[in-house]
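J.: Provided below are the primary sequence and the corresponding predicted coordinates.
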Amino acid sequence: MGAKVGSKNSRRVLIWVIAFSISLAAFYLMDQVVMGMQGLPLGWDLSPAQ
Amino acid sequence: MKLNSRYWLQRSCRYLPLVLTMVIIGLFTAGVPSSALAQSPTVEQLDTHVETDGVTGELDEFLLPAPRPQRSDYPTIGVSSRGIVWVIAQMHLFFGALVLAVPIFVLVIEIIGFKSGDDRYDDMAHEFMKVSLTAYAITALFGGTLSLSLFLLYPDLMTYLMRAFGSQVLVYAGLFFLESMLLYIYYYGWNALRYGNRKWVHLTLGLLLNAVGTTLLFVANSWTTFMMAPSGVDPETGAIIGNIWEVMKGPLWNPLNLHRFIANVAFGGAVVGAYAAFKFLSAKNPEEKAHYDWMGYSSNFISILAFLPLPFAGYWLMAEIYAYSQQMGILAMGGILAWLFVVQAVLICTILLAGNFYLWTGMARSEGSERYRWAIKYIATVLILGFLVWVTPHNIIYTASEITRLGGGNHPVLGPLGIMPAKNIAVFLMLICTFLSFQLYRRADKVITVSWQEWGNALMACIYIVAIVNIIFAGIYYGYFTNTVYKVGSSVIQVMSTVVVIVAGVVIDTLMFKGAKNLHVSWGKVSNRSQYALFALPITFTWLMALMGYVRSSVRTHWHVYTVMQDNSPDNFIPTLQTVGNMVTLVTLLFLAFLLFIFWIANLSGTRQLPPLAADRSPTLAEHAT
């Protein structure tokens, strides 16, 4: 029973970690693209490249 | 069903009016510029047609400079000409916005009713049109009065504008005839064209009505934007040197078109919401209460949905004003008109608070809302904090001793909150929270059953969290720690983050709601307080429209047509903020008085007095609503 609850919780944590990673990646890409399109390139750390 | 020729004939009959409408719209929009092009010759043509005997020919009119009226050239009638035109123009704009907007969402609601087969939507759409119809006559009255007052009080300006726009104004007049015909057929033919193929005809009429109405809006917008940012004119003399398309398509035309189109829908939704609230509070039985509660919810949904993208459209308009003339832009948001944008902040926050409050109280209709009640206090906290940040001015009027105690002209904490990066963070977080309220409301009466709901909920929550962090990061980092160019550019990141949340929310929820169990919704079982929120919305919208309309007009300062035709009238000064506040309040109260009249007329049209004999038998039935 305890193991079942444990694996359920692990599954939940995994889902959230994956969802968070997808969201983070999507918004990071969006920031790079949107600023790049305006002629305002960003570095890998989102600081102004110029 | 046999797929015979009769079947295909019926199918064609359904789509033929729609196709014909598209063709007509296409021909019309292609035709307007080309017919207008024909009316003004090119500069080369003018050269070859100049009269040689010294008599001024008809075509030389196009090289006439802009008039330079002196103070004595302006007619006076004993009261402020600007005040009269201000009130009449604003009233015309209020009613124009209403009558153009209502058919837009009425058509959408009618289509929803047609597709779903639910008569409630069709009846609601018909009732919305009833409100709009009375307003249409008032719009025309104010429009006519506005024309007369402009020609009477500003004859030189009107001469110049007629010269600039020429026969386009006759096109405008013609469009009004078309709009009137379509409006009356659309409304009065509603029951005659109710089902089957006839419904397709009715929908096509609605589409045509909206096409003509939108064209009317765009044509009138060109006059406004020409006065603010003239195009197709010689900058030195003001002579009209471009064709009608060049005169119309100035740098502010499309931003204003988008802004007014969206704002009209938001405003129209708020006004019919007030009508629904009025009918809810005066309902005589639970069925009526339920019907008008649902109508109020639908109106609020339309209004808030249209309101969400409005700041983006307004931001684009302001950016184009800055790009056209830095002086004009700085005057608006950094100079004497800047305080009006603080007032605008108060009004928009009021709208958001009222809209959210309505959604929160509306959640009580469904027992499933208990799951989400915990979130309301956090959403309210963000809204209040956003309100406080947005309303904080950059410069407060300090005394000398206060400046000494502060150590400078700006407060160390409030100063940074008074500039655009902080405001952007505040407004985008408020928009996201409003969408969250709406999303929770939609989920309150459903039990989601899809197998991947855990993934969907996790993704949605993470999108919210990352978007909020992104907005705050972009606002603070680029707003306070990088140069101005990156600061301005980062606002696009904030816009896109908000758009991603809204689009993702709609898509994910639509997919997750498939096969969902619907809980009972008790329409009509909502507090009266929620209806007062529906009253607050149009009042605030109206005040906001009048205020921003004043700002739009005032940025021209002492010019009738910016940098081309100077204003030398007795009123060629920017009035005090107190005067502005009084005038804006006056037109708002006037509009609300007319609105009450419209609601009363709409109510009256549904009332039928019984014949005297029947009334004598049963006095309680002497009057009943049909």
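T.: Thanks, I have the structure now.
J.: phi, psi for the nearest residue to B:Leu385 once chain neighbours are set aside please.
T.: Leaving aside its sequence neighbours, B:Leu385 sits nearest to B:Ala426 (Cβ to Cβ, 6 or more residues apart in numbering or on different chains; 7.6 Å). Just so you know, the C-beta spots here come from the backbone N, C-alpha and C atoms, and that holds for glycine as well. With angles defined as degrees, to the nearest 10, B:Ala426 sits at phi -60, psi -50.
J.: any idea how many residues pack against B:Ala426?
T.: By other Cβ atoms under 10 Å in any protein chain shown, the residues close to B:Ala426 number 25.
J.: what pLDDT does it get?
T.: As predicted, B:Ala426 sits at a pLDDT of 95.
J.: ok, it to chain A distance?
T.: From B:Ala426 across to chain A, the span is 20 Å (Cβ to the nearest Cβ, to the nearest Å).
J.: surely that residue and B:Thr392 touch.
T.: No - B:Ala426 lies out of contact with B:Thr392 (Cβ atoms under 8 Å); the separation is 9.1 Å.
J.: residue contacts, the residue nearest to B:Leu385?
T.: Counting by Cβ atoms under 8 Å, 6 or more residues apart in numbering or on different chains, B:Ala426 touches B:385-387, B:389-390.
J.: what would these look like in JSON lines with pLDDT?
T.: Below are these laid out as JSON lines (pLDDT from 0 to 100):
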{"residue": "B:Leu385", "pLDDT": "95"}
{"residue": "B:Gly386", "pLDDT": "95"}
{"residue": "B:Phe387", "pLDDT": "95"}
{"residue": "B:Val389", "pLDDT": "93"}
{"residue": "B:Trp390", "pLDDT": "91"}
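J.: go through those residues and say which is closest to chain A.
T.: The closest of the contacts of B:Ala426 to chain A turns out to be B:Gly386 (Cβ to the nearest Cβ; 20.7 Å).
J.: which one is B:Val564 nearest to, not counting chain neighbours?
T.: B:Gly238 (4.1 Å).
J.: Provide a list of residues in contact with that neighbour.
T.: B:65-66, B:160, B:230, B:561, B:564-565.
J.: where's it, which helix or strand?
T.: B:Gly238 belongs to no helix or strand when assigned by DSSP states H and E.
J.: contact partners for B:Leu337?
T.: Contacts of B:Leu337 by Cβ under 8 Å, 6+ apart are B:331, B:551, B:554-555, B:574.
J.: pick out the most distant pair among these.
T.: Longest distance between any two of those is 10.6 Å, between B:Val551 and B:Ile574; criterion Cβ to Cβ.
J.: more neighbours, the two?
T.: B:Val551 (19 against 16).
J.: quick one: the more buried one from chain A, how far?
T.: 27 Å.
J.: pLDDT averaged over the helix or strand hosting that residue - what is it?
T.: Under the criterion of DSSP H and E, B:Val551 resides in helix B:528-554. For helix B:528-554, mean pLDDT is 95.
J.: tell me which residues are up against the next helix or strand after that helix.
T.: Toward the C-terminus, helix B:528-554 is succeeded by strand B:559-561 as the next helix or strand (DSSP H and E). The contact list for strand B:559-561, computed with Cβ under 8 Å, 6+ apart, reads B:66, B:154, B:157, B:160-161, B:226-227, B:230, B:233, B:238, B:565-567.
J.: quick one, strands of the chain?
T.: No chain specified, so I'll use chain A. All residues of chain A lie outside strands when identified by DSSP state E.
J.: oops, chain B please
T.: B:446-447, B:517-518, B:559-561, B:565-566, B:607-609, B:623-625.
J.: worst mean pLDDT among those strands?
T.: Per-stretch mean pLDDT for the strands of chain B is lowest at strand B:623-625 (a mean of 47).
J.: okay, now B:His411: neighbour count?
T.: 19.
J.: neighbours around the nearest residue to it once chain neighbours are set aside, how many?
T.: The spatially closest residue to B:His411, leaving aside those adjacent along the chain, is B:Ile396, at 7.2 Å (Cβ to Cβ, 6+ apart). The tally of other residues near B:Ile396 (other Cβ under 10 Å) stands at 14.
J.: coming back round to it: so which two of the contacts of strand B:559-561 are the farthest from each other?
T.: B:Tyr154 and B:Val233 (18.0 Å).
J.: what residues does chain B have near chain A?
T.: B:454-455, B:458-459, B:461-463, B:465-467, B:470, B:473-474, B:477-478, B:482-483, B:485-486, B:489-490, B:492-493, B:496-497, B:500 (Cβ under 8 Å from any Cβ of the partner chain).
J.: of those, which belong to helices?
T.: Among those, the ones falling in helices (DSSP state H) are B:454-455, B:458-459, B:461-463, B:465-467, B:470, B:473, B:485-486, B:489-490, B:492-493, B:496-497, B:500.
J.: please list only the buried members of these.
T.: B:455, B:458-459, B:462-463, B:466-467, B:470, B:473, B:486, B:489-490, B:492-493, B:496-497, B:500 (16 or more other Cβ atoms under 10 Å in any protein chain shown).
J.: returning to that earlier point: buried members of the contacts of B:Ala426 into PyMOL, please.
T.: The PyMOL command for the buried members of the contacts of B:Ala426 (criterion: 16+ other Cβ under 10 Å) is given here:
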select buried, chain B and resi 386+387+389+390
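J.: let me have the contacts of B:Ala426 in a markdown table, extended by distance to B:Tyr188.
T.: Below are the contacts of B:Ala426 laid out as a markdown table (distance: Cβ to Cβ, whole Å):
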| residue | distance to B:Tyr188 |
| --- | --- |
| B:Leu385 | 51 |
| B:Gly386 | 46 |
| B:Phe387 | 45 |
| B:Val389 | 50 |
| B:Trp390 | 46 |
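J.: and stretch B:122-133, which residues are buried?
T.: B:122, B:124-133.
J.: which ones among the residues you listed map onto helices?
T.: B:122, B:124-133.
J.: quick check, nearest of those residues to B:Pro612?
T.: So of those, ranked by how close each gets to B:Pro612 (Cβ to Cβ), first place is B:Lys130, at 27.9 Å.
J.: chain B contacts on chain A?
T.: Residues of chain A lying near chain B (Cβ under 8 Å from any Cβ): A:12, A:15-16, A:18-20, A:22-24, A:26-27, A:30-31, A:34-35, A:38, A:40, A:46-48.
J.: which of the residues you listed count as buried?
T.: A:15-16, A:19-20, A:23, A:26-27, A:30-31, A:34-35, A:40, A:46, A:48.
J.: in helices only, show me those.
T.: Reading helices off those with DSSP H, I get A:15-16, A:19-20, A:23, A:26-27, A:30-31, A:34-35.
J.: looking at those residues, which is nearest B:Leu170?
T.: A:Val34 (44.6 Å).
J.: contacting residues around that closest one?
T.: Counting by Cβ under 8 Å, 6+ apart, A:Val34 has contacts B:492-493, B:496.
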